[in-house]
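>>> Any chance you can model this:
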Amino acid sequence: MSAFSISGLSSGIDTASLISQLMKVAAQPQTQLKNQLSLQQSELTAYQAINTKLTALQAAADAVKQAGTWAAAKAVSSSTAVIASTTSDAVSGSATTFDVIRLATAQISTVAATGAVVASPPNGIDIVDSTGTTHHLALADGSATAVASAVNNAGLGIRASVINTDSGPLLQFTSVATGAAGAFTINGLDTAPQTLVAAKDAQIAVGNPAAGGYTMSSSSNTFNNVIPGVTFSIGAVATGVTVSVSSDASAISDKIKALVDAANATLTELNKSTGKGGVLESDFGINSITSSVLSTVSRGTSAGASFASIGVQLTSKGELTFDATAFASAYAADPAKAQATAATSLAGALSGLAMRSSTVTLSPLINSGTAQVGQLNKQIAEWDTRLEGQRLAMQSKYTAMEVALQKLQATSSYLTSALDAISASNSASKK
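Numbers count the residues shown, from 1 in each chain. Got it, this is the predicted structure:
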């Protein structure tokens, strides 16, 4: 008799592979959401990058528009002995001529330190500063080293040290700061110190002080109150030094160049996203920004004058160039006209364009894109939960099937054995 079997069932079924294939089919809606999310994120990144460039363009344009940019001034010295610089308060056209009488010096005093003792420890020493105030210093001992240590630890603006010279050791005292305010005297040493360099203020003379001129002093070699907004440092005695303040055309030129660079950076970012194959290739609103930037420059001033007059031009490749030499010539010829062309016409137009493009065009797209990305991420997360539930349900179903199959197979084996036993018994009984 043939063995008993159940048709169509086998314990060799690869349920893990089967579940994996079924889950791929079930996950297709989530896969579509993920593809949509990837595209949305790419667009959002492009919008944000363009908006960043537009913000920088507006900032560069506003810098050119600022009155302070056109009031920029630089100080020029007629002598290498004097280095001058300006602050925002400097006024173009200011000038003065003076003589450098002397440089600021710090006091240096010394005393011979050939013996073991230079002062009496019980008495200590007294230091009198430039205001006449006496500072008494106690001594650990009378050695030059002990005196130097006491002076240094007192914090009186005097440094002391023992130095070895060709003539023997000296105890040297030096004021930390230059100028008359750093002057000092030292009493109580066995030998009175000798002043090698006196503490003096730097001094300049404007005109002849004996005939209506005047002098000005500074504790350092820097003067900042001779011309409003101008600071200069003296490095040597000199006569007939002229420091003058003029408009800083190069600083203005740098601002215009920065504007041109910002415009080119914006165009490059736009072209990267809207060019062939770009993520925003078919976005009309974004493409129109490129056209607006180029037309703003090509159109020129409201009177129809070209920006080439201040050195700004368009190339055949759709880029801006800046000729600093051309600007310098235009500014030297007519500062007011150059300012109106660069600040009002060019910078004013680009600033307004950048602001509108950012607030009216880009910001809504960025806000909308950010919201869509958030919504897609939420839907994808919900699908994760749903798919996990389906996977667990399938695993449970196929596990139960395998258990049932094992039971059926066990029953089949039992019935087959039982039938074989009955058949064998019947065959034996007939013999």
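
>>> where does the residue sitting nearest the centre point of the chain fall, helix, sheet strand or coil?
Residue closest to the mean C-alpha point of the chain, counted by CA atoms, centre = their mean, is residue 56 at 13.6 Å. Under DSSP: H, G, I helix; E, B strand; the rest coil, residue 56 falls in the helix class.

>>> With the one 5 residues further on instead?
Following three-state DSSP, residue 61 is assigned to helix.

>>> who are the neighbours in contact with it?
259, 262, 346, 347, 348, 350, 351, 354 (CB atoms under 8 Å, 6 or more residues apart in numbering). Where C-beta positions appear, they are placed from N, C-alpha and C, glycine not excepted.

>>> could you redo the last one with a cut-off of 6 Å?
Shown in contact with residue 61 (CB atoms under 6 Å, 6 or more residues apart in numbering): 259, 347, 350, 351.

>>> Can you give me the pLDDT of residue 5?
On the pLDDT scale, residue 5 is placed at 36.

>>> same question, the one 10 residues further on
For residue 15, the model assigns a pLDDT of 72.

>>> In space, what's closest to it - neighbours in sequence excluded?
residue 398 (4.2 Å; CB to CB, 6 or more residues apart in numbering).

>>> C-terminal to the biggest strand by length in the chain, what's the next element?
Longest strand in the chain, counting residues (DSSP state E): strand 238-247. Next in sequence after strand 238-247, counting helices and strands by DSSP states H and E, comes helix 249-274.

>>> what's the angle between the helix or strand following that next one and helix 249-274?
Helices and strands here follow DSSP H and E; after helix 249-274, the next one along the chain is helix 284-299. Relative orientation of helix 284-299 versus helix 249-274 (axes from the mean of the first three to the mean of the last three CA atoms, to 10 degrees): 150 degrees.

>>> by contact count, what packs against the longest helix seen in the chain?
If you go by DSSP state H, the chain has its longest helix at helix 363-429. Secondary-structure packing of helix 363-429 (3 or more CB pairs under 6 Å, 6 or more residues apart in numbering; DSSP states H and E): helix 15-26, helix 28-65.

>>> quick one: the longest one to helix 15-26, angle?
Looking back up the chat, that one is helix 28-65. Using the same axes, to 10 degrees: helix 28-65 against helix 15-26 is 50 degrees.

>>> Just to be sure, residue 303 is in a strand?
No - counting by three-state DSSP, residue 303 is not found in a strand; it is coil.

>>> sorry, back to before: quick one: which of the contacts of residue 61 has the most company?
Sorting the contacts of residue 61 by how many neighbours each has (other CB atoms under 10 Å) puts residue 350 first, at 28 neighbours.
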